[in-house]
Each structure stands twice: as C-alpha cells, then as structure tokens.
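S.K.: Pasting a predicted model and its sequence here:
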Amino acid sequence: MNLKKAFYIALTMVLGVILSFILHAVIEIFYIDYFLSKNILLKPSALTSKCYLPSALQIFLLLAGIIGGYFLGKFWWRIVYVERRRQKQLKQ
C-alpha cells in the first residue's frame, strides 16, 4: 500500500470516528431525555464519568466508526483512483 492510499484511508477512518461521536451525542441526548421524562435517575457509565450510555454501546459506536471509515476509505479509493469515475463525470 502506498503512502497516499494509507493517508486517504486514515483520513476516512478519522471521519468515521467523528461521525460516530456525533451519533453518540444524538443517541445520548434522547437516552437522557427519555429517562428524565420517566423520573429515573441515571448513573454515569463505568467507562467514563461523563457519559450515561452503556459502556458496550460506547465501545460499539467507536469501533463502528473506525471500521466503517476503513471500508469507506477503501471503497472511495477504488472509485476515485482505480475506476477514475471522477474524470468520466468531468468530461460529460
């Protein structure tokens, strides 16, 4: 794997992590709102003291972002640099 491809895939993995943090925040907002509307007191998770989602869900979201970013990077690399679809669209 050349350096350009590795950098491209690494950046899409960072994008995946950022998107997983955004999804985590949205899920946590609804999670906290639901339990507060039911007058149920929440305890922070064992993983962090600031998040209330279960630790397994937090880890799953992070891993999904990393793994999803990896496969998205490989997919985009194939489309942009191997199949060169971007050049076909520019000529039309």
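M.R.: Received, thanks.

S.K.: Find me the pLDDT at Gly69, would you?
M.R.: You'll see Gly69 listed with a pLDDT of 97.

S.K.: Isn't it up against Val17?
M.R.: Yes. With contact defined as CB atoms under 8 Å, Gly69 reaches Val17; the gap is 6.7 Å. Any C-beta I mention is one placed from the backbone N, CA and C, and that applies to glycine too.

S.K.: So if I had to pick from the two, which one is more boxed in?
M.R.: Gly69 (22 against 18; other CB atoms under 10 Å).

S.K.: mind checking the SS state of that one?
M.R.: On the three-state scheme (DSSP: H, G, I helix; E, B strand; the rest coil), Gly69 is labelled helix.

S.K.: Leaving out the residues flanking it, which one is nearest to it?
M.R.: In space, and not counting its chain neighbours, Gly69 is closest to Gly16: 2.5 Å by CB to CB, 6 or more residues apart in numbering.

S.K.: Show the contacting residues for the one you found.
M.R.: By CB atoms under 8 Å, 6 or more residues apart in numbering, the contact set of Gly16 is Ala64, Gly65, Ile66, Ile67, Gly68, Gly69, Tyr70, Leu72.

S.K.: Distance-wise, check it relative to Lys74.
M.R.: In this view, Gly16 and Lys74 are 12 Å apart by CB to CB, to the nearest Å.

S.K.: go on, Arg85?
M.R.: For Arg85, the distance to Lys74 (CB to CB) stands at 15 Å.

S.K.: Give the rounded mean pLDDT of the stretch of helix or strand Tyr34 belongs to.
M.R.: In this assignment (DSSP states H and E), Tyr34 forms part of helix 3-37. Helix 3-37 shows a mean pLDDT of 96.

S.K.: Tell me the buried residues in it?
M.R.: Tyr8, Ile9, Thr12, Met13, Gly16, Val17, Leu19, Ser20, His24, Glu28, Tyr31 (16 or more other CB atoms under 10 Å).
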